[in-house]
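Student: Fold the following.
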Amino acid sequence: MLVLKNLQHNEFLEKVNQKSGSNVLNCYQCGKCVSTCPVSGYMEITPRQVMQYIKLAEDEKLFAANSTWYCLTCSSCSARCPREIEIPRVMEAVRHLAIEANILPDSSKIKSIKKFHDIFISMIKRYGKMFELRLMAEFNLRTGQFFKDIALAPKAIGKGKLKFKSEKIKNLKGLKRLFEMNQKLESEIQNTENASKHESK
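Tutor: Have a look, this model is predicted:
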């Protein structure tokens, strides 16, 4: 059983709370999130334990686990949480911090999920919307699964689900500005944190 210990300065907790907009300390470990989560049985660290690991500043253990990558963000957990914590946002925050720290679980499945994530974001930046055919082709190429789901393509194309030509949104420049603003804001936050660390030393 995990025991809550020194919380005098938990930088990891602060970062997770800031990124998620939640307060992990509100969790009182009732376990409803675990019983509700459809994939908790596949997680190395359950959602309830994730919350406790954050309180204990066990960031590297969380980064190395598959838990936040397996989260479906279905919000079943947050719907039943008596403390109204947005657990999917917490899981996403930990996942983003793991990417920033460049620490990923040593698992081919997780690496594939990360590749899908990267391709998805690049598509949104490039077109402002999803280009499914290119997403599927690029993902298969990057993961070495060249013929994965290829049998489904003819049926999807026949139903108009897959288009051969990409379409861009009208205000793509506006979307790019949003990405730039977000990147600038994240850099400012990081600089503030670094300055704070330097002053505390």
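
Student: any idea where the helices of the protein begin and end?
Tutor: 11-20, 32-36, 47-55, 59-64, 67-70, 76-80, 87-100, 108-127, 132-143, 153-158, 172-200 (DSSP state H).

Student: Nearest to Ser166, out of those helices?
Tutor: helix 108-127 (5.5 Å; C-beta to C-beta). Yep, even glycine has a C-beta here, placed from its N, CA and C like the rest.

Student: just to revisit the earlier point, redo the helices of the chain as CSV? Include mean neighbour count and mean pLDDT.
Tutor: Converted to CSV, these look like this (neighbours: other C-beta atoms under 10 Å; pLDDT from 0 to 100):
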stretch, mean neighbour count, mean pLDDT
helix 11-20, 18, 93
helix 32-36, 18, 96
helix 47-55, 23, 96
helix 59-64, 18, 93
helix 67-70, 22, 94
helix 76-80, 18, 95
helix 87-100, 21, 94
helix 108-127, 14, 89
helix 132-143, 16, 87
helix 153-158, 12, 82
helix 172-200, 11, 78
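
Student: Could you dump the ones you listed into JSON lines with distance to Phe164 added?
Tutor: Output for the helices of the chain, formatted as JSON lines (distance: least, C-beta to C-beta, whole Å):
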{"stretch": "helix 11-20", "distance to Phe164": "38"}
{"stretch": "helix 32-36", "distance to Phe164": "41"}
{"stretch": "helix 47-55", "distance to Phe164": "41"}
{"stretch": "helix 59-64", "distance to Phe164": "39"}
{"stretch": "helix 67-70", "distance to Phe164": "32"}
{"stretch": "helix 76-80", "distance to Phe164": "37"}
{"stretch": "helix 87-100", "distance to Phe164": "32"}
{"stretch": "helix 108-127", "distance to Phe164": "14"}
{"stretch": "helix 132-143", "distance to Phe164": "6"}
{"stretch": "helix 153-158", "distance to Phe164": "8"}
{"stretch": "helix 172-200", "distance to Phe164": "20"}
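
Student: For Lys165, find the nearest of the ones you listed.
Tutor: Here helix 132-143 is closest among those (C-beta to C-beta), at 9.1 Å.

Student: List the contacts of that closest one.
Tutor: With contact meaning C-beta atoms under 8 Å, 6 or more residues apart in numbering, helix 132-143 is reached by 112, 115-116, 119-120, 123, 145-149, 153, 161-164, 166.

Student: Could you list the domains of this protein?
Tutor: Using automatic domain parsing, the domain parsing of the chain gives 11-100, 108-196.

Student: OK, contacts around the spatially closest residue to Gly31 that is not a sequence neighbour?
Tutor: Leaving aside its sequence neighbours, Gly31 sits nearest to Arg48 (C-beta to C-beta, 6 or more residues apart in numbering; 5.0 Å). Arg48 is in contact with 27, 29-31, 33-34, counting by C-beta under 8 Å, 6+ apart.

Student: That's all I had, so thanks and see you.
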